[in-house]
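Undergrad: sequence plus predicted model, see below.
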Amino acid sequence: MSELDSRIPNNVGLSHDRRLQRALLRWQPAFLDWWREMGPEGFQGDEVLLRTAVSVEPSGWSHFDFVRMPEYRWGIFLAPPEADRRIGFGDFAGEPVWRAVPGEFRTDLRRLIVTQGDTEPASVEQQRRLGRTAPSLYDLRNLFQVNVEEGRHLWAMVYLLHAHFGRDGREEADALLERTSGDVDRPRILQAFNEPCDDWLNFYMFTMFTDRDGKYQLMALAESAFDPLSRTTRFMLTEEAFHMSVGETGVGRIVQRTADLMAAGDDHPEENGAFDLGLLQRHINFWFAASLDLFGSEISSNAARYFASGLKGRAREKRRTDHAALDGVYRMLVADSGSLREREVPLRNAMNEVLRDDYIRDCERGVARWNRILDQAGIGERLRLPNRRFHRRIGVHADHRFDPDGNLIGEAEWEERRADWLPTEADRDVVRSRMVRVTEPGKMAHWIAAPRRGVHGRPLDYEYVRLS
Ligand SMILES: [Fe+2]
Ligand SMILES: [Fe+2]
C-alpha cells in the first residue's frame, strides 16, 4: 500500500491520479479542522472501538479496532462496476451508463450531489454534544460509529465533486465545510438538518426516521445513469443500514423499558425516570413529518426532470416494469377549497411521492416491531405513524392544518390540540432531565433497556470507549 493509500484508503486508483490527489490532500486538512471543531465534543482523544471501511469485498469490507476519532481513516470506496451496465429508466433507458458528467446535466447533478453531501456533516454537527449524556458506553460507541461514517459519506460526495466537476466542484466541496447546522446566516440546506438533536431520544428518532430518508435518497441515486454516483451510493448503503438499526433499536429499547415498568404495575413510567408512550408518540409525529419533508414537494418539475434525464430513479427500479413512467398518473388527496379532493398528477412529476411511499412502508415495519414489544409485555396501547399530511412544512400540504389521521382541520383546532400531537416545552424538560451520563461498562441509564447483544461479538459489559 502506498503512503497515500494509507492516508486515504480507496479503491479509485488515487495513487495514479495526480490532479485528484492534490485536490483531496488540500481538502483533507480542512476536513480534519472541521472534525475537531464540529465533531463529537470532548471525546477526540479517547479510543473507540470503530468499524472502518477498508474494501468493497462483501466478505470483509470493514475491520474493527480501537482508534481515536481524528485518526480514523476516512476512505473512498465505490461498489465494483457492473459490466455493461445500462441506464435503467427515463428518456435514455437502455443506453450505456455515463462515466463522465454530460454537460447538459452538470448543474442538476451537482445540485443532487451537494444536497446529499450537505446532510452528512450536518448530522455530525447536530449530534456533537450527545456524548456527554450517553446512556451507556455501548450507545456512546454507536453514536461515534454513526458520526465517523457520516464523515466518510461526506468524503464520498466530495470525491465526486473533485473528480468530476473541476473548479466549481472544488468550491462546492469547500462550502460543505462552511455551512453549519442551525446557523442563522449559513445554515445547512435541508431543514431537518438544522433541527437541534441534543438529547438521546431525539437522536434515536433522527436515526430511525431521518437516516432512513437518507437510505431512500441513496437508493434512488444508486439507480443513476451517472455511474460513479451510482457506485458510491451503493457502497454508502452498506453503512447506512447500521445507522437506522441504531435508531430503531434505540427507540425499541426505550419502548421496552417503558413496557417493562408498565407491566410491573407502574401506570406512570414518566414519574419514575422513564418515558410515557404519549411523549414517545409526539416525538414520532415530529420526526416522521420532518423527515417526510426531505423528499420534497409532492408535485415537482425538478423530480420529473431528474427522472427523465436518468439522474435520479426510483428505489428498486429493476423490480418495476414500466421504466419510462410517461403515461401513468399518481392520485393523491390534496386540500382544495376547504376539503380534501383527489388530484391526478403525471407520474414523473410525482416521483418524490413515489419514493415517499416506499419510505413510509419501511417506517411502518419499524413501528410494527415497536408495537410487538408492547404486545409481548401485555400492554394494549400502540404507537403509530401520523398521516403523511400531518405537520408538513414543504409541499402541497404545508399551507393547511391536518390532524394525525390526516383530516383537514382549522387553525383553532390545531392550536387547541397541538400540545397533544407534537413535543412540548414540558416534554423537552422531561427528556432533558433524564439525560445522565453512564460510563460503567454494561450499565444503562434508567430510561432505556439493555440491547440484546454487544458489538461485533463483544459482550455487553465490554469497554467500548476507553475514556481518558
Ligand atoms: Fe450518511
Ligand atoms: Fe446515516
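TA: Happy to help now that I have it. Quick caveat, the model's predicted, so the values are computed rather than measured. Numbers count the residues shown, from 1 in each chain. Ligands and ions are numbered 1, 2, ... in the order given.

Undergrad: so residue 46 sits against residue 467, correct?
TA: Yes. Under the criterion of CB atoms under 8 Å, residue 46 makes contact with residue 467 at 5.5 Å. Just so you know, the C-beta spots here come from the backbone N, C-alpha and C atoms, and that holds for glycine as well.

Undergrad: look at those two and report which has more neighbours.
TA: residue 46 (18 against 14; other CB atoms under 10 Å).

Undergrad: which parts of the chain sit against ligand 2?
TA: When proximity is defined as CB under 5 Å from the ion, the chain approaches ligand 2 at 211, 240, 243.

Undergrad: could you find the closest non-adjacent residue to the second one?
TA: The shortest distance from residue 240 to any non-neighbouring residue, by CB to CB, 6 or more residues apart in numbering, is to residue 215 (5.2 Å).

Undergrad: for the last one, same thing?
TA: Once its chain neighbours are removed from consideration, residue 243 has its nearest residue in residue 211; the separation is 4.3 Å (CB to CB, 6+ apart).

Undergrad: where does this protein dip in pLDDT?
TA: 1 (pLDDT under 70).

Undergrad: so where do the strands sit in it?
TA: Remark: strands assigned in the chain by DSSP state E are 47-53, 62-68, 329-336, 339-346, 401-402, 408-409, 465-466.

Undergrad: dump these to CSV, plus mean neighbour count and distance to ligand 1.
TA: Shown next, in CSV, are the strands of the chain (neighbours: other CB atoms under 10 Å; distance: least, CB to the ion, whole Å):
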stretch, mean neighbour count, distance to ligand 1
strand 47-53, 21, 12
strand 62-68, 14, 15
strand 329-336, 15, 28
strand 339-346, 13, 30
strand 401-402, 20, 30
strand 408-409, 16, 35
strand 465-466, 18, 22
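
Undergrad: circling back to that earlier point, out of the residues of the chain next to ligand 2, which is most surrounded?
TA: residue 243 (25 neighbours).

Undergrad: hmm, back to that, of all the residues of the chain next to ligand 2, which comes closest to ligand 1?
TA: Relative to ligand 1, the closest of these is residue 240; by CB to the ion it sits at 5.9 Å.

Undergrad: and the strands of the chain as CSV, adding distance to residue 439?
TA: As requested, the strands of the chain are arranged in CSV below (distance: least, CB to CB, whole Å):
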stretch, distance to residue 439
strand 47-53, 13
strand 62-68, 16
strand 329-336, 49
strand 339-346, 52
strand 401-402, 44
strand 408-409, 47
strand 465-466, 8
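
Undergrad: what sits against the one residue sitting closest to the centre of the chain?
TA: When CA atoms, centre = their mean is applied to the chain, the residue found nearest the centroid is residue 211 (1.7 Å). Residue 211 makes contact with 123, 146, 240, 243-244, 247, according to CB atoms under 8 Å, 6 or more residues apart in numbering.

Undergrad: let's see that with 10 Å instead.
TA: Shown in contact with residue 211 (CB atoms under 10 Å, 6 or more residues apart in numbering): 119, 123, 146, 150, 240-248, 291.

Undergrad: got the CA positions of stretch 417-435 in PDB?
TA: Taking Å, rounded to 0.1, in the frame of the first residue of the first chain, the C-alpha atoms of stretch 417-435 are listed here in PDB:
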ATOM      1  CA  ARG A 417     -54.600  20.100  20.100                       C
ATOM      2  CA  ARG A 418     -51.100  20.900  19.100                       C
ATOM      3  CA  ALA A 419     -49.700  20.000  22.500                       C
ATOM      4  CA  ASP A 420     -51.300  16.500  22.300                       C
ATOM      5  CA  TRP A 421     -49.600  15.900  18.900                       C
ATOM      6  CA  LEU A 422     -46.200  17.500  19.000                       C
ATOM      7  CA  PRO A 423     -43.400  17.600  21.600                       C
ATOM      8  CA  THR A 424     -44.000  20.500  24.100                       C
ATOM      9  CA  GLU A 425     -41.600  22.500  26.200                       C
ATOM     10  CA  ALA A 426     -42.600  20.300  29.100                       C
ATOM     11  CA  ASP A 427     -41.700  17.300  27.100                       C
ATOM     12  CA  ARG A 428     -38.300  18.800  26.300                       C
ATOM     13  CA  ASP A 429     -37.700  19.400  30.000                       C
ATOM     14  CA  VAL A 430     -38.700  15.800  30.900                       C
ATOM     15  CA  VAL A 431     -36.400  14.400  28.200                       C
ATOM     16  CA  ARG A 432     -33.500  16.700  29.300                       C
ATOM     17  CA  SER A 433     -33.900  15.800  32.900                       C
ATOM     18  CA  ARG A 434     -33.500  12.100  32.000                       C
ATOM     19  CA  MET A 435     -30.200  12.600  30.200                       C
END
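
Undergrad: how near is the residue of the stretch 251-400 of the chain found nearest ligand 1 to residue 190?
TA: Closest contact between the stretch 251-400 of the chain and ligand 1, by CB to the ion, is at residue 294 (12.7 Å). Counting by CB to CB, to the nearest Å, the separation of residue 294 from residue 190 is 6 Å.
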